[in-house]
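> give the three-dimensional model of this entry:
(chains A and B)
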Amino acid sequence: MMARLSQFRLKGLLFLAIAVFAVPLFISNPFHYGLATQIALIAGAVVGLNLLVGFAGQISLGHAGFFGLGAYFSAIMTSTYGWSAIPALIVGAIVVAIIAWVVGRPILRLKGHYLSMATLAVGFIIAIILNNEREITGGPDGMPVPPFDVFGWELSAFGQYSLFGMDISGDLAWYLFAGVVLLAAVWLAQNLIDSPIGRALRSVHGSEVAASVVGVNTAKYKSLVFVISAVYASVMGALYGHFQGFITPSVASFDFSILLITMVVLGGMGSTIGVIIGAVVLELLPQLLADFQEMEMVLFGLILMLTMIFMPKGLLPTATNLLAKRRSKSAGGDA
Amino acid sequence: MFSEFLQYLFTGITIGATYALIALGFTLIYNASHVINFAQGEFLMIGGMATVSLTAMGVPMLLAIVLAVVLAGVLGIALQRLAIAPARNADVVTLIIITIGASIFIRGLAQLVWGKEYHVMPNFSSDEPIQIFGAVLNTQSLWVLGVGAVLVAVLVYFFTRTLTGKAILATSMNKDAARLVGIRTQVVLMLAFMVSALLGSIAGIVVAPITFTSYDIGIILGLKGFVAAAIGGLGSGVGAVVGGLALGVVEAMAAGYLSSDYKDAVAFSMILVVLFFMPRGLFGAKIVERV
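Okay, the predicted model is just below:
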């Protein structure tokens, strides 16, 4: 059973790697590369959020706060203080981890809607601070972010690079980099899920009382996964800032928090590949709906509602369920 | 000094009364179905916007208000029948996303029909504010407080004296038992959404002359109502009213004495502090987890 499970997980990672590296075969213009890079980075944050929501069963309606903190920490350190991108990203992740731990301990005691409320409040407070500390963050107008650099070598969407003797544009380079980061994020998440920590988390999701009765320190594991998911968001936020070259407090907004959790739920809670599909769908949908102009909002809301009503388990679990049912007509299609 | 304090208090109680009405709407739906309805704020928006646009078309004010409230009520029923009922076995998070989808959908429709501009609604009575100990009180504030008090009284009467109200209470306490004594729980759920929408739209109408109204006003008002309901303790009617008023007053004081940029941060910090000491809000029921 476990062997089959991990085999499936490896297959998932392989499938994802093929998908990531096949994308450049189908697109060529800078706008599409930009969109694909953005999706890959946001999907990385969503994979982290899924650890909290899908595996530990804890709701966060304020996760963009950590994404925004990571983005702003890197932006401020690299532009105002002249740090290099990687130390800024790492120190930022540590700072966010500490904040998440301090905040997480008390609020993760809360249950259900009270936890949603508390995480929503934390996200809002972060967004309000980023909006108002104009001298440090540039306020609502946002601030520029220098390109991502490694030991003096810069990665910019406008640059030209050569890889294995091939000339590649900056857009493509950024996309490949984001794709590799996403694969690493997924690989780490899969390992975590298969570790004793992952099993402890799933037991918390199943029944917190039962988990604590069999000796799982539920408070510790919930804080731990909250910190891990916040670090995911922070790292992806930092890279997102470098990629965009400019950030505004909207990266920490309530709307973005809602978008992140919607990606998790729509794609399929608890399925790493599923939530990535959720991110792809919810990032592409507005692009497809843009042609409908003022109808965009109505259609987006309608599609979101209908999908969740008819596929409450999410896109991927529903699809695999259907496939499994078709394969074996006998009963037992347990999600 | 005192007049300043009084001024902030007036502002706080007025907006607090609005929050209390939104929180009551949350409470009603939460009690009946355990759903947190993120589309609650849209009922306020519909109330205000429909009234403004109907009066602009020449419909008399009172009739416009009645029509707007009826429209919101129909919307509440539609929300329950078409979006919540088909998904009643879904996860909590899934239900949250469904109500968020519904709120985006309603907001999108409102934007299509009424555009993106801010709309102004005239005060119900005199534009001349009342002076009390050097503080000014807008006459519309009195309308908000008066209508709020009447609505609370009506709700108390409805839930303690009428069979329908008691049926909703019974369903919220134990759905299966309610069904066994012959209560049609699906109808009750529908009623809860309708009453909640009526409450929301009336709140939206009385507060519109103070806050103005636009298609996207429901988001932040709805969230503040959720905060108020959580401060008071989800499911508690008294909690919703106390939470709403407390939130309004704290917000107004923070805006006046600290900084208006950070008044929302103070509101959200308040909920964190309350939940830190009382994980189920001020009046929330103690829930015993069944294993």
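> check which residues of stretch A:102-115 are buried.
Residues of stretch A:102-115 classed as buried: A:103, A:104, A:107, A:108, A:109, A:110, A:113, A:114, A:115 (neighbour count, 16 or more other C-beta atoms under 10 Å in any protein chain shown). For glycine as for every other residue, the C-beta is placed from the backbone atoms N, C-alpha and C.
> do it and chain B come into contact?
Yes: judged by C-beta under 8 Å from any C-beta of the partner chain, stretch A:102-115 comes into contact with chain B at A:106, A:107, A:109, A:110, A:111, A:112, A:113, A:114.
> which of the buried residues of stretch A:102-115 lies closest to residue B:122?
residue A:113 (37.9 Å; C-beta to C-beta).
> just give the nearest non-adjacent residue to the closest one, would you?
Using C-beta to C-beta, 6 or more residues apart in numbering or on different chains and skipping the chain neighbours, the partner closest in space to residue A:113 is residue B:36 (5.2 Å).
> in contact with that neighbour, which residues?
Residues near residue B:36 by C-beta atoms under 8 Å, 6 or more residues apart in numbering or on different chains: A:113, A:116, B:26, B:29, B:30, B:95, B:96, B:99, B:226, B:234.
> try it again at 7 Å.
A:113, B:26, B:30, B:96, B:226 (C-beta atoms under 7 Å, 6 or more residues apart in numbering or on different chains).
> how far away is the first one from residue B:72?
This points to residue A:113. Distance from residue A:113 to residue B:72, counting by C-beta to C-beta, to the nearest Å: 24 Å.
> for residue B:3, same thing?
Taken as C-beta to C-beta, the span from residue B:3 to residue B:72 is 38 Å.
> and for residue A:291?
32 Å.
> next secondary structure after the helix or strand hosting residue A:227?
Residue A:227 is part of helix A:218-244, with elements assigned from DSSP states H and E. Going down the chain from helix A:218-244, the next helix or strand is strand A:246-247, by DSSP H and E.
> average pLDDT across that following strand?
Here strand A:246-247 scores 94 as its mean pLDDT.
> can you name the residues in contact with it?
By C-beta under 7 Å, 6+ apart, the list of residues contacting strand A:246-247 reads A:71, A:72, A:75, A:142, A:143, A:144, A:145, A:241.
> mind redoing it with 10 Å?
A:68, A:71-72, A:74-75, A:130, A:137-138, A:141-145, A:237, A:240-241 (C-beta atoms under 10 Å, 6 or more residues apart in numbering or on different chains).
> just the buried subset of those, please.
A:68, A:71-72, A:74-75, A:130, A:137-138, A:142-143, A:145, A:237, A:240-241.
> if you count surrounding residues, which of residue B:3 and residue B:72 has more?
A count of neighbours by other C-beta atoms under 10 Å in any protein chain shown puts residue B:72 above the other of residue B:3 and residue B:72, at 27 against 12.
> show me which residues of the host helix or strand of residue A:98 are buried.
Assigned by DSSP H and E, residue A:98 falls within helix A:85-107. Neighbour counts over helix A:85-107 (16+ other C-beta under 10 Å) mark A:85, A:88, A:89, A:92, A:93, A:96, A:97, A:99, A:100, A:103, A:104, A:107 as buried.
> what's the most distant pair in those?
Most distant of these, by C-beta to C-beta, are A:85 and A:107, 31.2 Å apart.
> and the stretch 51-200 of chain A, which residues reach chain B?
When proximity is defined by C-beta under 10 Å from any C-beta of the partner chain, the stretch 51-200 of chain A lies next to chain B at A:53-54, A:57, A:59-62, A:103, A:106-107, A:109-118, A:120-129, A:131-134, A:139.
> hmm, 6 Å instead?
Proximity of the stretch 51-200 of chain A to chain B (C-beta under 6 Å from any C-beta of the partner chain) is limited to residues A:59, A:106, A:110, A:113, A:114, A:117, A:118, A:121, A:124, A:125, A:128, A:132.
> which of those fall within helices?
Members of these lying in helices (criterion: DSSP state H): A:106, A:113, A:114, A:117, A:118, A:121, A:124, A:125, A:128, A:132.
> in CSV: the residues you listed, plus pLDDT and distance to residue A:217.
Listed next are these as CSV, based on pLDDT from 0 to 100; distance: C-beta to C-beta, whole Å:
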residue, pLDDT, distance to residue A:217
A:106, 90, 16
A:113, 87, 25
A:114, 91, 21
A:117, 92, 25
A:118, 94, 21
A:121, 95, 26
A:124, 94, 30
A:125, 95, 28
A:128, 95, 34
A:132, 93, 38
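> may I see the PyMOL selection of the buried members of those?
A single PyMOL command selects the buried members of those (16+ other C-beta under 10 Å):
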select buried, chain A and resi 113+114+117+118+121+124+125+128+132
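> widest-spaced pair of the ones in helices among the residues of the stretch 51-200 of chain A next to chain B?
Most distant of these, by C-beta to C-beta, are A:113 and A:132, 28.1 Å apart.
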